[in-house]
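**Q** coords please:
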Amino acid sequence: MKEIRAVIRPQKLPRLREVLRALPGFPGMTISKAVGCGATGRHAPSNIREELTDFTDKLRIEIVAPDDMADALVDCIVQVASTGQTGDGLVWVVDVPRAVFIRKTVGRAADGAAGEG
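**A** Okay, here's the model as predicted:
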């Protein structure tokens with residue numbers, strides 16, 4: 001299993017949601033508000049106020065999916081989220097050794113037999 005994480009511009013979410021939900025077997029996603037700044041700036045802050053307000057609203061997306069879906073999900077996110085400008089975001093993939101659906105596990109033995117969801 002893989003976890004696909006992405007930070008994107010908020011205005012890209014409606015189209016991304018539409019495209020991802022059209023993928024066969026799409027497992028769902030979690031969306032969180034995020035605020036961040038890039039490593040490189042167009043100009044150095046000239047005062048403390050500029051330095052403390054150099055953040056942009058973003059959304060963080062998290063998707064846990066089978067290994068064979070990871071590349072397709074990453075490709076969709078990159079294609080939909082891209083504007084070609086600085087600040088489009090970032091996508092990265094993390095290995096997930098185990099994932100369990102809570103609803104499907106409650107009441108079962110805790111011996112690991114509850115398994116994948």
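**Q** Now for the protein, the helix or strand with the poorest mean pLDDT.
**A** Here the helix or strand of the chain ranked lowest by mean pLDDT, DSSP states H and E is helix 48-52, holding a mean of 65.
**Q** Break down this protein into its helices, ranges please.
**A** Using DSSP state H, the helices of the chain run over 13-21, 48-52, 67-81, 102-105.
**Q** now these as a markdown table including mean neighbour count and distance to G89?
**A** C-beta here means a position set from N, CA and C on the backbone, and glycine is covered the same way. Below are the helices of the chain laid out as a markdown table (neighbours: other CB atoms under 10 Å; distance: least, CB to CB, whole Å):
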| stretch | mean neighbour count | distance to G89 |
| --- | --- | --- |
| helix 13-21 | 14 | 11 |
| helix 48-52 | 10 | 22 |
| helix 67-81 | 16 | 6 |
| helix 102-105 | 10 | 29 |
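**Q** K33 is nearest to which of these?
**A** helix 13-21 (11.0 Å; CB to CB).
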